[in-house]
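**Student:** everything below, folded, please.
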Amino acid sequence: MKGLTEDILDGLLDPVGRMQKPRLSGITIALDRGVGVRAIEDLASVAGPYCDYAKIAWASALITRNLDEKLEAYRRADIDPLLGGTLFEYCYLRGRVGRLLELCRRRKIHIEISDGVAEIPRADKLRWIEAFAATGEVFSEVGGKIAPARGEWTQLVREELAAGAARIVVEGREIGPAGKEIRADLVHDLVDSFGTEVLVFEALERYQQVWLVKQFGPNVNLGNIPLSDVLTVEAFRQGLKEHTLLDTARAATLGEPSPVPAGVTL
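**Tutor:** Predicted structure coming up:
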């Protein structure tokens, strides 16, 4: 139940077409770099409705002591936990992907599958996407962390969707390499080919987040959002911060006088 303050504030908030949970687009994937259960509960109490998935970063699941508690804390908050793509690469290099698959099956946990660092034959990656897709959602990452993507982008995406990937994650270093401008042509080519619903753009950096929201609106899918930035990103989506304030105001009632409530004198 909403409190009095929340009820009044709701009347101040302009609708921007933001999809609500469970949403098909406009998802936010938070990046969990090692927080505890209480931090998850704090996130849920303040920004739970704006966070859809939480990725246990890199291969850190292997050294997280309270992993089961964290998974359950996210689920109680209606936030789906997700294992990072580096964990898949770590297991692949050691011949242990079968054990990782069994973990995902038993715990009903989603996974990101990537080949951003390890040299993984194309057929192997597609085969494992298909296998993991039978146990949960697969977020298949395209793009390199060290070197650029190997192969033609649209072909890579088509193959991974056909293998069973639920979403395609575009590596953040490919979207906007550190110190360089956003690769607008690449992003627009992908959106023109596949739309925004199946694409997730990694956007750890604020300039990436703002650019993507400005280009594609409040329901663009964003990944690798630090837990502490979930509310900030939602503010970008809804025009509640200076970066996107004017963009959403133009679509609403910019310039119209506000009525004065009864009993209030100015």
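**Student:** only C-alpha atoms from now on, for both contacts and neighbour counts.
**Tutor:** Will do.
**Student:** and F132, what element?
**Tutor:** Assigned by DSSP states H and E, F132 falls within helix 122-133.
**Student:** pull the residues that contact that helix.
**Tutor:** Residues outside helix 122-133 that contact it (Cα atoms under 8 Å, 6 or more residues apart in numbering) are 101, 104, 111, 113, 115, 138, 140, 159-160, 163-166.
**Student:** which one of those residues sits closest to Y207?
**Tutor:** S140 (23.7 Å; Cα to Cα).
**Student:** what subset of the contacts of helix 122-133 is buried?
**Tutor:** 101, 104, 111, 113, 115, 138, 140, 160, 163-166 (16 or more other Cα atoms under 10 Å).
**Student:** reformat those residues as CSV; add distance to Y50 and secondary structure.
**Tutor:** As requested, those are exported to CSV (distance: Cα to Cα, whole Å; DSSP: H, G, I helix; E, B strand; the rest coil):
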residue, distance to Y50, secondary structure
L101, 29, helix
C104, 25, helix
I111, 20, strand
I113, 24, strand
D115, 29, coil
V138, 21, strand
S140, 22, strand
E160, 27, helix
A163, 29, helix
G164, 26, coil
A165, 23, coil
A166, 20, coil
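**Student:** okay, stretch 175-194 in CSV with CA atoms only?
**Tutor:** C-alpha atoms of stretch 175-194 as CSV (Å, rounded to 0.1, in the frame of the first residue of the first chain):
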residue,chain,number,x,y,z
ILE,A,175,29.5,0.1,-28.1
GLY,A,176,31.7,2.9,-26.7
PRO,A,177,35.4,2.0,-26.2
ALA,A,178,37.0,3.9,-23.3
GLY,A,179,37.9,7.4,-24.4
LYS,A,180,36.2,7.1,-27.7
GLU,A,181,32.8,8.1,-29.1
ILE,A,182,29.8,5.8,-29.3
ARG,A,183,29.8,3.5,-32.4
ALA,A,184,26.5,4.9,-33.5
ASP,A,185,26.5,3.1,-36.9
LEU,A,186,27.0,-0.3,-35.3
VAL,A,187,24.2,0.3,-32.7
HIS,A,188,21.7,1.6,-35.3
ASP,A,189,22.5,-1.2,-37.7
LEU,A,190,21.8,-3.8,-35.0
VAL,A,191,18.5,-2.1,-34.0
ASP,A,192,17.4,-1.7,-37.6
SER,A,193,18.0,-5.4,-38.1
PHE,A,194,16.6,-6.9,-34.9
